[in-house]
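Predicted model, plus sequence, below.
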Amino acid sequence: MADLSVKVAGVDFHNPLIAASGTFGFGREYAEFYPLSVFGGISTKGTTLHPRPGNPPPRVTETPAGMLNAVGLQNPGVDAFIREELPWLSGQGTRIVANIAGSAVEDYCQTVEKLNPTCVDMVELNISCPNVKEGGVQFGTSAQSVYAITKAVRDVCKKPLMVKLSPNVTDISEMSVAAEHGGADAVSMINTLTGMRVDIHTRRPIIHNNTGGLSGPAVLPVALRMVWQAYQKVKIPIVGLGGISTWQDAVEMLLCGATALQLGTVLFTDPYAPVKIAQGLSEYMEKNGVAHIADLTGGVRPW
Amino acid sequence: MGKYDSILCKITRAEQLTADVYDFTLEAPALAVLAQPGQFAQIRLPGHALRRPISICGIDRAAGTLRFVFQVRGQGTAELAGFRAGDALEIMAPLGNGFSLDLSGKVLLLGGGIGTPPLLGCAAHYGKNAIAALGFRTREAVILEEDFQSAGAETLIATDDGTYGHHGLVTELAAEKDFSAVLACGPAPMLRAAQALAATRSVPCFLSLEERMACGIGACLGCAVALVGGDGREYYGHVCKDGPVFDSRQVLL
């Protein structure tokens, strides 16, 4: 096996694969398939200061080469996360990225302050959830507000801070620059693209929230383009996600500028995807004489 | 292996039961050992991001097989129907919580349409202590009648249009029977009637629910269902992990 280790914002990951927030819960369900150390890290379910019930069903539906979701940040709250999930998760041999969301700057800051004394390795600031009113995306759609919330959280956050960016903006690279200026140690991109499907018999949107977030292979080309554009603007590492399903997709994402990767929707298609992608990456590196994953980052040769 | 796994399995038998209902048997010894009646599988279809949740209809541990009876509902299940004996399907199973198997006395099984297959395993378990009241739209849609009879269950059929069996509802068939528990799977109006019937008789009742689903194991929180806790508070549970079988007192239909 080739050396798959990467460093993101000072944190060492033994491979570049991180489970994407919202697709992996707090890890317990996937531990039935394999040790969670098949992932370099796990970004835990978006957690808020207080518990949230989530949206009414239906919350998910399949779409061509993907799916829509509007779960609505259902989570037990940060205190329950720390008390009931973290002790177990911290013993699984994988890095823990705590994804946090909120409806006000103070919520984010108070949530981070609760995480500061814990063993989480990194905080991922979710300012891009499209599925709840005041779920954070209002902070993620203008450069000024991305800067302001990143800075406010940076001031209280003692962990490496990664900001998860929304693709539902005119120019995502401006948002990555704003996050960098606000003090982010890394950015992750992209969250889901807002979408909609309609039941033609009932004339109801299939998702109860009317709109949902599109993910899966359908969004990979959009994600690659956005990571590539942001890579040209920022110096901080980019964790690339959006539709990665195969090791070839993973290589493309690295070449477009990603330092590490997140896997989400593919886990629903094939829970063993991280095992297969790690194997494929390793073989690709050996075949092409690539010593470190970092040697692939940004290696695309544009025309 | 854990409580479930995802494994490529060979289809040993594939038959069409009605115009839109199919009957597959898969070779899955490792999964059959773990499976209980009322649990389900997530079946992977080539080219699809999401799997299709299909209830387990039969568990044969000796033969190492699982049986699935499913209805064509959309594009995915239409493609599934095109698979043949000898083909392979990747299935994640067994998932969720099945039906109670420790009930005493007569157990009433109420099935509606494509809700009947998951009850067949209960008929096999309870045998002569099972009364199966199964409802269908019309004569041509009736499935699994002989299977429930062979399992030893007293088997009663109702159709909406009266072309076969009782002309009316399964709960009407059950009205004159004595039973000490109800297990039900079917459309929402039938489940509401089952809930009401069990409440009238003061017997325990368990309902199998469905909802649009993604991961199938409780990680993504997609398949939310409104439940009421012991303290009377409403909350969202999840069909895949907390169900698909729920105590009817928990369920807000």
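Sure, I can see it. Everything numeric here is computed off the predicted structure, so don't read it as measured data.

leaving aside the residues next to it on the chain, what's closest to the residue in chain B positioned nearest to chain A?
Here chain B gets closest to chain A at one residue, B:Gly2, 3.2 Å apart by Cβ to the nearest Cβ. For the C-beta atoms, the positions are set from N, CA and C on the backbone; glycine is no exception. Among residues not flanking B:Gly2 along the chain, A:Glu32 sits closest, at 3.2 Å (Cβ to Cβ, 6 or more residues apart in numbering or on different chains).

ok, that neighbour to A:Ala20 distance?
Counting by Cβ to Cβ, to the nearest Å, the gap from A:Glu32 to A:Ala20 is 19 Å.

More neighbours: which of those two?
A:Ala20 (27 against 15; other Cβ atoms under 10 Å in any protein chain shown).

Give me the distance between that one and chain B.
Separation of A:Ala20 from chain B (Cβ to the nearest Cβ, to the nearest Å) stands at 10 Å.

Could you do A:Ser145 as well?
From A:Ser145 to chain B the distance is 27 Å (Cβ to the nearest Cβ).

which residues touch that residue?
Applying Cβ atoms under 8 Å, 6 or more residues apart in numbering or on different chains to A:Ser145 gives the contacts A:Gln138, A:Phe139.

in the strand or helix carrying it, what counts as buried?
For A:Ser145, the element it lies in under DSSP states H and E is helix A:143-156. Of the residues in helix A:143-156, A:Ala143, A:Ser145, A:Val146, A:Tyr147, A:Ile149, A:Thr150, A:Lys151, A:Ala152, A:Val153, A:Arg154 count as buried by neighbour count, 16 or more other Cβ atoms under 10 Å in any protein chain shown.

how about the residues of the stretch 201-303 of chain A that lie near chain B?
Within the stretch 201-303 of chain A, the positions adjacent to chain B are A:Ile206, A:Gly216, A:Pro217, A:Thr265, A:Val266, A:Leu267, A:Phe268, A:Thr269, A:Asp270, A:Pro271, A:Tyr272 by Cβ under 8 Å from any Cβ of the partner chain.

residues contacting B:Val69?
Counting by Cβ under 8 Å, 6+ apart, B:Val69 touches B:Leu17, B:Val21, B:Tyr22, B:Asp23, B:Phe24, B:Cys57, B:Ile114, B:Pro117, B:Leu120, B:Ile143, B:Leu144.

try 6 Å
Counting by Cβ atoms under 6 Å, 6 or more residues apart in numbering or on different chains, B:Val69 touches B:Asp23, B:Cys57, B:Pro117.

Could you do A:Glu32 as well?
By Cβ under 6 Å, 6+ apart, the neighbours of A:Glu32 are B:Gly2, B:Lys3, B:Tyr4.

filter those to the buried ones?
By 16+ other Cβ under 10 Å, these give B:Tyr4 as buried.

which non-adjacent residue is nearest whichever residue of the stretch 101-250 of chain A sits closest to chain B?
Distances between the stretch 101-250 of chain A and chain B by Cβ to the nearest Cβ are smallest at A:Gly216, namely 4.4 Å. Of all residues not flanking A:Gly216 in the chain, A:Gly66 sits nearest, at 2.7 Å (Cβ to Cβ, 6+ apart).

Can you get me a residue count around the one you found?
23.

surely it meets A:Ala218?
Yes: A:Gly66 lies in contact with A:Ala218 (Cβ atoms under 6 Å); the separation is 3.8 Å.

A:Gly298 should be in a helix, yeah?
No: assigned with DSSP: H, G, I helix; E, B strand; the rest coil, A:Gly298 falls outside any helix and is coil.

pLDDT at it, what is it?
A:Gly298 is assigned 98 on the pLDDT scale.

so it sits right up against A:Gln229, yeah?
No: the pair A:Gly298 / A:Gln229 is not scored as a contact, 12.0 Å apart, by Cβ under 6 Å.

what stretches of the chain score poorly on pLDDT?
Since no chain was named, I'll use chain A. A:130-136 (pLDDT under 70).

Which single residue in it comes nearest to chain B?
Counting by Cβ to the nearest Cβ, chain A gets nearest to chain B through A:Glu32 (3.2 Å).

Tell me how far that residue lies from B:Tyr164.
Taking Cβ to Cβ, one finds A:Glu32 at 43 Å from B:Tyr164.
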